[in-house]
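[1] Fold the following for me, if possible:
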Amino acid sequence: MSGAAVPPVWIADTVRPHHANTFAEEWFRLSWESGAMWDAFAATALLHWPYSDAYETTPEQDRYQEIEDEILRRMLEALLPAVMEAFTRAASDVLSRERDR
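    Residues are numbered from 1 along each chain as shown. Presented below is the predicted three-dimensional model:
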């Protein structure tokens, strides 16, 4: 159907820092909780999982997880400002364009 009216969508007046922070923190939280962060880390082959036949986690496996978690936490801390800036820029541009429609 050409010429049909586009339904209105509520759009915030301004993209504020809390919007960008919420986006970044939720993205990181969901990536962490889903295991995607660990899958991505494992794909690097920087460490090799210390396999064991034991039923309980071994000290070597605990150490592996400590190293992996520290690397991922530091990476997320370093990424936070860049993700917030990129989100603010992208959301501001797109929402500004949409307000002008």
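[2] Give the other helices and strands that the helix or strand that contains residue 71 contacts.
    For residue 71, the host element (DSSP states H and E) is helix 59-99. Judged by 3 or more Cβ pairs under 8 Å, 6 or more residues apart in numbering; DSSP states H and E, helix 59-99 is in contact with helix 17-34, helix 36-44. For glycine as for every other residue, the C-beta is placed from the backbone atoms N, C-alpha and C.
[3] what do you get if the cut-off is 6 Å, keeping everything else the same?
    Packing partners of helix 59-99 (3 or more Cβ pairs under 6 Å, 6 or more residues apart in numbering; DSSP states H and E): helix 17-34.
[4] List the buried residues for the helix it packs on?
    19-20, 23-24, 28, 31 (16 or more other Cβ atoms under 10 Å).
[5] One more: stretch 80-89?
    For stretch 80-89, by 16+ other Cβ under 10 Å, it's 83-84, 87-88.
[6] can these go into a markdown table with extra columns for distance to residue 51?
    Converted to a markdown table, these look like this (distance: Cβ to Cβ, whole Å):
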| residue | distance to residue 51 |
| --- | --- |
| 83 | 35 |
| 84 | 39 |
| 87 | 40 |
| 88 | 44 |
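[7] now residue 6: how far from residue 63?
    Residue 6 sits 56 Å away from residue 63, going by Cβ to Cβ, to the nearest Å.
[8] How about residues contacting the helix-or-strand element of the chain with minimal mean pLDDT?
    One helix or strand of the chain scores below all others by mean pLDDT, DSSP states H and E: helix 36-44, with a mean of 93. Applying Cβ atoms under 6 Å, 6 or more residues apart in numbering, the contact partners of helix 36-44 are 31, 68, 72.
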